[in-house]
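Visitor: Quick one, fold the following:
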Amino acid sequence: MQHRHPVSCPCCGTHHRIYDRRRFLAAVGGGAAALAFLPHTTEAEAAPTIAFNSVPDPVRLPPDMYFGECSGVALNSHGHIFVLSRGNTVGPAYGAAATQLLEFGPGGEFIREIGHNLYAWSFAHTVKVDHEDNIWVTDKGSDMVIKFTPEGRVAMVFGRKQEASDEETGPLKHPNPPLPAEPGRFRQVTDVAWDAAGTAYISDGYINSRVAKVDKNGDWVKSWGERGTAPGQFHTPHSIAVDNNGLVYVADRSNRRIQVFDGDGNFKRQFTIDVPVPRDARPAIGNVPDKAAIASGTFAPGSPWAICISPGPNPVLYSADAFPGRIYKLTLDGKVLGVLGRSGKQLKQFGWIHEMACSSENTLFVAELLNWRIQKLEL
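Guide: Residues are numbered from 1 along each chain as shown. Now for the predicted structure:
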């Protein structure tokens, strides 16, 4: 018989469900590092498997166009599908410009490319569509966020790309702790979301480890967070979403948790996704994560790579991990309602889901890095 016991976290007072560590540690090889990584796990709780289908060919490219790694997918109010791909690559293998924004109709027919050869294009990260059908792209390589009008014209730019003429221009360094962040500038920015007033919340990102807040006019309001493991600190805030009440959900990937804040950055709660790993689970690429990989967080089971919140009066939260390559359906307070999928290359299998779009509770679009594709999932 399985038991769950709510306990109060000594660092934040948040109540967490506690699960048995044995099955999880067996899957990752056990050891002190893995044990320390999951301090709140004592009895693993199985989650229902959700039946689903993958719609074949949800988007169709012209004969002479190809996806690269699909890092982003979003839908507008008319059902148009926007795919952000690391395609149309220009340059050497290292440091190539790899960002392409493509629009498809509700039936998957190709409509257009937006921002061809745009100055900000460097290394695609995510695409989102706001409440007014403006299209926003975060580019990890140029450290910029671009807002396009529904017509595809640049409306606002945030951040600044390194100058090509600067003798020190090159890959950003990753000091730990990071150098102090600056208002208005990003370091490997990752994602963006909005509240009902049009305020933008930007996750920033691989280096700065913070959330930035920008009002609907584009004026910088504030930022919160820094590198660390305490509540309100981050290590690779990779994906972000806002619910109907204006609460901000941050996928704190390398800390293997989702943190929730109010619109002013006040910490409200946090939760982890603790579901047993199947004995036959395989990674999408490489070896099964060892203790060091688990401890680093990114490839730990349940570590949130992508999150989205479904629309409507009864929203749910979806989160995806890289290993064992599943999607988790949760309540907004973190209770796991079910799981679906696994790593692989066939339909209904996933290769590093990088972004999801929840067009409804039972319809998801997922962008995959390793499989160079978009899947439309019907639960």
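Visitor: Using the three-state scheme, assign residue 254.
Guide: Classification of residue 254 by DSSP: H, G, I helix; E, B strand; the rest coil places it in helix.
Visitor: I'd assumed residue 294 was in contact with it.
Guide: No - look at residue 254 against residue 294 with CB atoms under 8 Å: they stay out of range, at 11.5 Å. Bear in mind the C-beta positions are built from the backbone N, C-alpha and C, glycine included.
Visitor: OK, contacts around the nearest residue to residue 103 once chain neighbours are set aside?
Guide: Leaving aside its sequence neighbours, residue 103 sits nearest to residue 111 (CB to CB, 6 or more residues apart in numbering; 4.5 Å). Going by CB atoms under 8 Å, 6 or more residues apart in numbering, residue 111 touches 80, 103-105.
Visitor: again, only this time at 7 Å
Guide: By CB atoms under 7 Å, 6 or more residues apart in numbering, the contact list for residue 111 reads 103-105.
Visitor: Among these, which one lies nearest to residue 227?
Guide: residue 103 (36.3 Å; CB to CB).
Visitor: Neighbours of that closest one, how many?
Guide: The number of residues packed near residue 103 is 18, by other CB atoms under 10 Å.
Visitor: Am I right that it falls within a strand?
Guide: Yes - applying three-state DSSP, one finds residue 103 inside a strand.
Visitor: which residues in this protein form helices?
Guide: Along the chain, counting by DSSP state H, helices occupy 22-28, 32-37, 291-296.
Visitor: could you dump the contacts of residue 111 to TSV with distance to residue 173 and pLDDT?
Guide: What follows is the contacts of residue 111, written out as TSV (distance: CB to CB, whole Å; pLDDT from 0 to 100):
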residue	distance to residue 173	pLDDT
103	36	98
104	38	98
105	43	98
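Visitor: Need these in CSV (columns: distance to residue 332).
Guide: Output for those, formatted as CSV (distance: CB to CB, whole Å):
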residue, distance to residue 332
103, 30
104, 30
105, 32
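Visitor: what's around the nearest residue to residue 170 once chain neighbours are set aside, how many residues?
Guide: Nearest-residue entry for residue 170: residue 162, 7.9 Å, with adjacent residues in sequence omitted and distances by CB to CB, 6+ apart. Neighbourhood size, residue 162 [other CB under 10 Å]: 15.
Visitor: what's the answer for residue 235, then?
Guide: Look at residue 235: counted by other CB under 10 Å, it has 21 neighbours.
Visitor: next one: residue 112
Guide: 10.
Visitor: With the one 3 residues further on instead?
Guide: By the measure other CB under 10 Å, the count of residues near residue 115 is 18.
Visitor: Tell me the spacing between it and residue 124.
Guide: 11 Å (CB to CB, to the nearest Å).
Visitor: Kindly report the same for residue 312.
Guide: 29 Å.
Visitor: Could you do residue 134 as well?
Guide: 18 Å.
Visitor: who's more crowded, these two?
Guide: Between residue 134 and residue 124, counted using other CB under 10 Å, residue 124 has the larger neighbour count: 28 against 18.
Visitor: who are the neighbours in contact with the more buried one?
Guide: Taking CB under 7 Å, 6+ apart as the test, what residue 124 contacts is 71-72, 84-86, 98-99, 139.
Visitor: What of residue 254?
Guide: With CB under 7 Å, 6+ apart, residue 254 has these contacts: 235-236, 296-298.
Visitor: does the residue nearest to residue 156 when sequence neighbours are not counted have beta-bridge partners, and which?
Guide: Leaving aside its sequence neighbours, residue 156 sits nearest to residue 147 (CB to CB, 6+ apart; 4.1 Å). Beta-bridge pairing for residue 147 (DSSP bridges): residue 136, residue 156.
Visitor: please begin residue numbering at 439 from this point
Guide: Let's use 439 as the start, then, which means that last one is residue 585.
Visitor: pLDDT at residue 585, what is it?
Guide: pLDDT recorded at residue 585 is 98.
Visitor: Just list the residues touching it, thanks.
Guide: 572, 574, 593-594.
Visitor: rerun at 10 Å
Guide: 566, 568, 572-575, 591-596, 630, 638, 652, 656 (CB atoms under 10 Å, 6 or more residues apart in numbering).
Visitor: which pair in those spans the largest distance?
Guide: Using CB to CB, the two most remote members of the contacts of residue 585 are 591 and 652, lying 19.4 Å apart.
Visitor: more neighbours, the two?
Guide: Between residue 591 and residue 652, counting by other CB under 10 Å, residue 652 is the more crowded of the two (23 against 10).
Visitor: How about the more buried one: what's its closest non-neighbour residue?
Guide: When the adjacent residues along the chain are set aside, residue 652 lies closest to residue 638, with 4.5 Å between them (CB to CB, 6+ apart).
Visitor: Tell me how many other residues crowd the one you found.
Guide: Neighbours around residue 638, by other CB under 10 Å: 24.
Visitor: Give me the pLDDT for residue 478.
Guide: 37.
Visitor: The residue nearest to residue 648 when sequence neighbours are not counted: what's it in contact with?
Guide: Nearest residue to residue 648, sequence neighbours excluded (CB to CB, 6+ apart): residue 663, at 3.8 Å. Taking CB under 10 Å, 6+ apart, we find residue 663 in contact with 619, 641-642, 646-650, 670-672, 675, 688, 690, 697, 699, 703, 705.
Visitor: How about residue 504?
Guide: Going by CB under 10 Å, 6+ apart, residue 504 touches 523, 525-526, 538, 810.
Visitor: so which of those residues is the most crowded?
Guide: residue 523 (27 neighbours).
Visitor: how far away is that residue from residue 491?
Guide: In terms of CB to CB, residue 523 sits 24 Å off from residue 491.
Visitor: Perfect, that will be all.
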